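# Can you look at this prediction? I've put the sequence above it.
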Amino acid sequence: VQLVESGGGSAQSGGSLRLSCSVSGIAHWSFCVGWFRQIPGKEREGVASIDDHGATDYTESVKGRFTISRDNAKNTLYLQMNNLKPEDTAMYFCAAAGGTGFTSTLEDYDYWGQGTQVTVSN
């Protein structure tokens, strides 16, 4: 399974970015996928997750600003990020859980992309 992120970059506070993650190497994309982020010196944290039924979960700090979605026909995961804040600055990773069922627990995710940097300035 391979995951490749794109869409990162720089934005000003209050701006928007859309991240994409292309998933390949699987026959049936029926598992839970999510976005995580990490800044140097800190642990990776979950941002948002979505399962194949469309159930979602968001970390509190991004609720109402970020939207996770998936296009099962294109095997692509998205993260629409609006009203960005400087504290959203991080490396963003997409990941896929190897098991079935919904999960937002980092340890349940077996497959990871290489990450894309998001930088938000005042």
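Cool, got the structure.
# Give me the below-cutoff pLDDT ranges for the protein.
27-29 (pLDDT under 70).
# So which residues of it form helices?
Ranges of helices within the chain: none, based on DSSP state H.
# What segments of it are strands?
Applying DSSP state E to the chain gives strands spanning 2-6, 9-12, 17-24, 33-38, 45-50, 56-58, 66-71, 76-81, 90-97, 109-112, 116-121.
# which strand residues sit across from the most centrally placed residue in the chain in the sheet?
Closest to where the C-alpha atoms of the chain average out (Cα atoms, centre = their mean) is W35, at 2.0 Å. Beta-bridge pairing for W35 (DSSP bridges): A48, C94.
# pretty sure it contacts L17?
No: W35 is beyond contact range of L17, at 12.0 Å (criterion: Cβ atoms under 8 Å). Backbone N, C-alpha and C define where each C-beta goes, glycine included.
# burial measure for N83, as a count.
13 (other Cβ atoms under 10 Å).
# same thing with the one 4 residues further on?
Other residues within reach of E87 by the criterion other Cβ under 10 Å amount to 10.
# distance of it from S104?
20 Å (Cβ to Cβ, to the nearest Å).
# now do Y92
Taking Cβ to Cβ as the measure, Y92 falls 15 Å from S104.
# Ok, G34 next?
Applying Cβ to Cβ, the value for G34 to S104 is 6 Å.
# go on, S61?
14 Å.
# Repeat that for W112.
15 Å.
# do P40 as well
P40 sits at a distance of 23 Å from S104 (criterion: Cβ to Cβ).
# Would you mind telling me which of the two has the busier surroundings?
S104 (20 against 6).
# and the nearest residue to the more buried one once chain neighbours are set aside, how many residues sit next to it?
Computed as Cβ to Cβ, 6 or more residues apart in numbering, the closest residue to S104 that is not its neighbour in sequence is S49, at 4.2 Å. Close neighbours of S49, defined as other Cβ under 10 Å, add up to 24.
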